[in-house]
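Engineer: Need coordinates for the following:
(chains A and B)
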Amino acid sequence: MNHSDPDDWNALVEQHSERVFRTALRILGSVQDAEDVSQEVFIEAHRKRQEIRIENWIGFLVRVTTLRSIDRLRQRRPIVAVRESDKVSLTEPHEQASANELAIWMRRCLVQLSDRRASVFVMTHFVKLSRDEIANSLAISPAAVSSALYKARQELLEQLNIYQQGEAK
Amino acid sequence: MREHDQNDDFHDLELPLLDAVQATTTVTLPADALERVKRRAKQLDGPSPQVRTTDSGSSKAISSRSRVSALAVAVAMIVAIVGGLFWMTPVGNRAFATVIENVRNAESLQFKFRYQFDFSPAVNGSMRIRGNQQRIEQFDGDLISIADFDRKEALFLDRQRKLVQELKLSEAVAESFENPIQQLRKLTSQDAEAIGEELLDGKKTNLYRLSKVNLLGMTGDAEMLVWVDPVRQLPVKIEIRNTDPQQKMEFTYDRFEWNAQLDETLFSLNIPEGFKRGDVVLDPAPALSKPSSEPHPSTFAKNGVLSHDRVPARIVWDADNRITALLRDAESVPVTQSQPHQLRQWDAKSGKLLWSQSVHGAGTLAMNRDGSKLATVIGREIQLRDITTGQVTDSWGTDHGLISLAISADGAMLAGGIGEWGKGGSPEAGGVVLWNVAQQRVLRMVGDAAEVTRSVRFSPDGSLLASASSSAIKLFEAQTGKLLRVFPGHSRLAFSPDGKSLACVGSSSSKNAATIDLYDSERGKLIRSLTTQAGESTSTILSIQFSPDGQLLTAGDWNGTVSLWTVKDGKLNSLPTQQGGVHAVAFSPDGDRLAIGTEANTLRVLEVPISIVR
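Structural biologist: Residues are numbered from 1 along each chain as shown, chains lettered A, B, ... in the order given. Below you'll find the model as predicted:
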């Protein structure tokens, strides 16, 4: 793996911008929002770099990108839980549900998770980091990552179940 | 949660969720947008207005203070002259001269404190200082002490009983107003030693240890740690503790507000309305049970708590009697409040903290037997660190995610256990990668590349390498990578000091107990099976180690049990059950003591019971 000189800001941007932008885009699904969040992340990174020595740039950038993106997702979309009452709002059967609708559903559910659970889920399944990498990035133990991931999945599955029941009607 | 600790199916996803994830992550990355992101980010590295603001801000603060007080100018000049004499002393000392100067120049300040004497409830309060006036509030503000050192008078208020007591500020009464700021003002920069950097509330601080402490009965071997804001060059936290951990005596001062606007009335010695004269404090030294000033023996306590603020996830006790530990937040700490991991080292003889470094997400650490090489892994970077300061001396990257680490006894080879989980949940990468440390060159990969390596160890002579996955323990010839033998076992292993036996975590008949199997490493023959006492919850051994003489074996379990066996007869001695899971166990070089790191934020040192006949 190439490690850029931490003093070389341009090299650092070159090395990590795609990962930051892709992560933001996957979470947000909007190019405009992902660009904005990426810019916020690099501003924060630039400021932090003057205050402290960041030893794990990937971990730092993925963490900040994930949290900022989830924040933005929360601001953008009204938090409406997928409850019993939502079942009627979706008419297509699951088999026919477009990928687009599934993605919208996923983002709507993500913002209802706690920060930790949402970040761990996103870092695992959107960014494909290993458990230890996530633990490193969030500065929590691997066991805490597993626990958060397990709970995030349970919550999402529960929501998905309601969603699918709604569709089947 | 514990059931998931060792799950390999990390990326495995239920089918409907997998569909949703795929739908969400299937996005095309527009190249033009990415270019815009890069361009804007690169533009950030122009001249930094932030740095200029900070610099001018601090110099302005100093100059305005200097204008206010002619005395302060004089002090500053003296300090500057004295400071000039230190130009040849280490940087830490010079930097601390500025801190002392700024402390002396401060006109007022307020801060919180916490006094912990032995195991009695902690005393919390706040202190305000303005010139020679002082106000202390304790017990939720029910006890207020005000002193005027110019008038040599003090006032004690009991707000519960509406009582007030006026006292002359005798030496005994003055003791109750002791604070670390008076200490700092008296010190010289030569009393300070820079021992590292730490992040406090997300901000970088420089950490100093001061050798001269005389506060509330703590003298001699007590140590004072001062965290300094590097921009303002003023303390943000001060900790004074008795280095005898058995005494658990600790004073913490934080939330400093320097040059705060403090109202005159806070320091008024007038009797407030509605208060009657009475005995608020019978003893001239109120509120605090003063500890003994008897110096404790310089030897380290037999059974004591060395650290109790963070979780020691890995501990190494080296031949020079230093304890190095990787500390992180407990799982109960919310992610928004989590602090970076820390690498700290104590002198095990005196219990003194030698250094501390923030290491962000370091996952593991390794040290060779003589303690000459210390390594950590952060993300996909391996760092070699100076054993006396904890600072990174060398680092190199790797393509592999490493979850375990070992250094050969001579420090020439480094082994990293690979653990990566891919899409679909199956282990994506495993095995062990071996480096030549001097050349930072990969020597070879050994083991099954699909088998996640949870633990890796060199034999004491460096000729053998053993790795533990979740299904087997494999023994390799380190020089050639040749697989010599496979042992039934999983997760954790340890070589005996003579290299002749290998302890492997084996399968157990009971869910709440574990079995450690001892094998003859050369012939592969099972020598003995050792079983732990059943704990209160599912057993997961996280750390095993032989004593340096090879006669004892210890194992730390996530269910809180710490087991100690005599190897020759397999006799089990269970040590007291620890609160929280046990992450790490380490023997002292003489084998008489054990360091135990638990999820309950505790690094404890226990004496090996004398009843255990070796």
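Engineer: Figure out the helix or strand that residue 19 lives in.
Structural biologist: No chain in the question, so chain A it is. Assigned by DSSP states H and E, A:Arg19 belongs to helix A:9-28.
Engineer: meant chain B actually
Structural biologist: Using DSSP H and E, B:Asp19 falls in helix B:15-25.
Engineer: confidence score at the closest residue to chain B within chain A?
Structural biologist: Closest approach between chain A and chain B, counting by CB to the nearest CB: A:Asn136, at 2.8 Å. Heads up, the C-betas are built off the backbone N, CA and C, glycines and all. Reading off the confidence values, A:Asn136 has pLDDT 86.
Engineer: Show me what the helix or strand hosting it is packed up against.
Structural biologist: Element membership for A:Asn136, per DSSP H and E: helix A:131-138. Applying 3 or more CB pairs under 8 Å, 6 or more residues apart in numbering or on different chains; DSSP states H and E, we find helix A:131-138 packed against helix A:57-76, helix A:115-125, helix A:142-168.
Engineer: Ranked by average pLDDT, which of those falls at the bottom?
Structural biologist: Minimum mean pLDDT among the helices and strands packed on helix A:131-138: helix A:142-168, a mean of 82.
Engineer: That one vs chain B: in contact?
Structural biologist: Yes: using CB under 8 Å from any CB of the partner chain, helix A:142-168 reaches chain B at A:Pro142, A:Ala143, A:Ala144, A:Ser146, A:Ser147, A:Leu149, A:Tyr150, A:Arg153, A:Leu156, A:Leu157, A:Leu160, A:Gln164.
Engineer: center of chain A, which residue is that?
Structural biologist: A:Val122 (3.9 Å; CA atoms, centre = their mean).
Engineer: What is the helix or strand encompassing B:Ala366 packed up against?
Structural biologist: For B:Ala366, the host element (DSSP H and E) is strand B:364-367. Packed against strand B:364-367 by the contact rule (3+ CB pairs under 8 Å, 6+ apart) you find strand B:311-317, strand B:322-328, strand B:374-378, strand B:402-407.
Engineer: Next, format the ones you listed as JSON lines and append mean pLDDT and mean neighbour count.
Structural biologist: Formatted as JSON lines, the helices and strands packed on strand B:364-367 follow (pLDDT from 0 to 100; neighbours: other CB atoms under 10 Å in any protein chain shown):
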{"stretch": "strand B:311-317", "mean pLDDT": "94", "mean neighbour count": "24"}
{"stretch": "strand B:322-328", "mean pLDDT": "94", "mean neighbour count": "24"}
{"stretch": "strand B:374-378", "mean pLDDT": "90", "mean neighbour count": "25"}
{"stretch": "strand B:402-407", "mean pLDDT": "93", "mean neighbour count": "24"}
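Engineer: how about those, which one is nearest B:Arg104?
Structural biologist: strand B:322-328 (33.8 Å; CB to CB).
Engineer: Tell me if the helix or strand that that closest one is followed by is near chain A.
Structural biologist: Downstream of strand B:322-328, the next assigned helix or strand under DSSP H and E is strand B:341-347. Yes: judged by CB under 8 Å from any CB, strand B:341-347 comes into contact with chain A at B:His341.
Engineer: partners of strand B:341-347 in the sheet?
Structural biologist: strand B:322-328 (antiparallel), strand B:353-360 (antiparallel) (DSSP bridges).
Engineer: The ones you listed into TSV, with extra columns for distance to B:Asn242?
Structural biologist: Below are the strands paired with strand B:341-347 laid out as TSV (distance: least, CB to CB, whole Å):
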stretch	distance to B:Asn242
strand B:322-328	17
strand B:353-360	12
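Engineer: where does the stretch 151-300 of chain B come near chain A, residue by residue?
Structural biologist: Residues of the stretch 151-300 of chain B lying near chain A (CB under 8 Å from any CB): B:Glu197, B:Leu199, B:Lys203, B:Lys204.
Engineer: returning to what we had before: how much space separates the residue nearest to the centre of chain A from A:Gln159?
Structural biologist: 16 Å (CB to CB, to the nearest Å).
Engineer: swap in A:Asn10?
Structural biologist: From A:Asn10 to A:Gln159 the distance is 43 Å (CB to CB).
Engineer: Would you mind telling me which of these two has the busier surroundings?
Structural biologist: In terms of neighbours (other CB atoms under 10 Å in any protein chain shown), A:Gln159 is the more surrounded of A:Asn10 and A:Gln159; the figures are 23 against 12.
Engineer: can you give me the helices for chain B?
Structural biologist: B:15-25, B:31-43, B:49-68, B:70-85, B:91-105, B:171-175, B:180-186 (DSSP state H).
Engineer: Comparing those helices by mean pLDDT, which bottoms out?
Structural biologist: helix B:49-68 (a mean of 31).
Engineer: so B:Leu483 sits right up against B:Ile473, yeah?
Structural biologist: No: shown here, B:Leu483 and B:Ile473 do not form a contact pair, counting by CB atoms under 8 Å, at 11.6 Å.
Engineer: Between these two, which has more neighbouring residues?
Structural biologist: Neighbours of B:Leu483 and B:Ile473, each counted by other CB under 10 Å, are more numerous for B:Ile473; the result is 27 against 13.
Engineer: got the contact list for the closest residue to B:Glu193 other than its chain neighbours?
Structural biologist: Leaving aside its sequence neighbours, B:Glu193 sits nearest to B:Arg209 (CB to CB, 6 or more residues apart in numbering or on different chains; 5.1 Å). By CB atoms under 8 Å, 6 or more residues apart in numbering or on different chains, the contact list for B:Arg209 reads B:Ala192, B:Glu193, B:Ile195, B:Glu223, B:Met224, B:Leu225, B:Val226, B:Lys352, B:Leu353.
Engineer: Please flag which of these sit within strands.
Structural biologist: Counting by DSSP state E, the contacts of B:Arg209 place B:Ala192, B:Glu193, B:Ile195, B:Glu223, B:Met224, B:Leu225, B:Val226, B:Leu353 in strands.
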